[in-house]
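S.K.: got a sequence here, can you model it:
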Amino acid sequence: MKEVASENWPFRQGPEKEFKKKGPKDGPKEGPKDFDGPVRYNGKLISRGIFMHPPAPPNVGDPASLSYRLEKKYDSFQAEVSLRDGPGGSETPCVFWVFGDGKELWKSKPVATQQDSQKCVVSVKGIEQLKIAVTCAGLPHGAHAIWIDPQLSK
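M.R.: Predicted coordinates for the structure are as follows:
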């Protein structure tokens, strides 16, 4: 698999922020906290990563999500999911999701500590829109969720 050059990587082109709220009320004014840059993981500074913090009350249980236009140009998405360095872990485990054109492509097992980290490799061939999300069924105290070294390949 050939890695796509960084200038073609959707995370570098300014993602469309999306924050989906369940129920009749409008969603929160702020989207998930995120960045395309270094994250500290397992004592090391990882050069590419995305930090997403699940919502606090009153939106507990709703997803923090980011969407990217792929325009059917890529074949594979891969990353590792875990919690970044910081507090000892999440009191309530996080679950990471990958969606392609609204269809679930991948779901992690619950992640409550760095030891629960998991690899994500999914086909995105023919996908117009990639969406990554993190949920936390309870209070997200200590839920410093990260996507480590996300990559798209052609």
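
S.K.: C-alpha from now on. contacts and neighbour counts both.
M.R.: Fine.

S.K.: quick one: least confident helix or strand in this protein?
M.R.: The helix or strand of the chain with the poorest confidence is strand 16-18; it has a mean of 34 (mean pLDDT, DSSP states H and E).

S.K.: show the subsequent helix or strand relative to it.
M.R.: Scanning forward in sequence from strand 16-18 by DSSP states H and E, the next helix or strand is strand 37-41.

S.K.: residues of the helix or strand following that next one that come out buried?
M.R.: Next along the chain after strand 37-41, taking DSSP H and E as the criterion, comes strand 44-52. Residues of strand 44-52 classed as buried by neighbour count (16 or more other Cα atoms under 10 Å): 48-52.

S.K.: need the next SSE after strand 44-52, C-terminal direction.
M.R.: strand 64-69.

S.K.: tell me the strands beside that following strand, with direction?
M.R.: Using DSSP bridges, the strands paired with strand 64-69 are strand 16-18 (antiparallel), strand 129-136 (antiparallel).

S.K.: now do that strand and strand 44-52, the angle between them.
M.R.: Computed by axes from the mean of the first three to the mean of the last three Cα atoms, to 10 degrees, the angle separating strand 64-69 from strand 44-52 equals 90 degrees.
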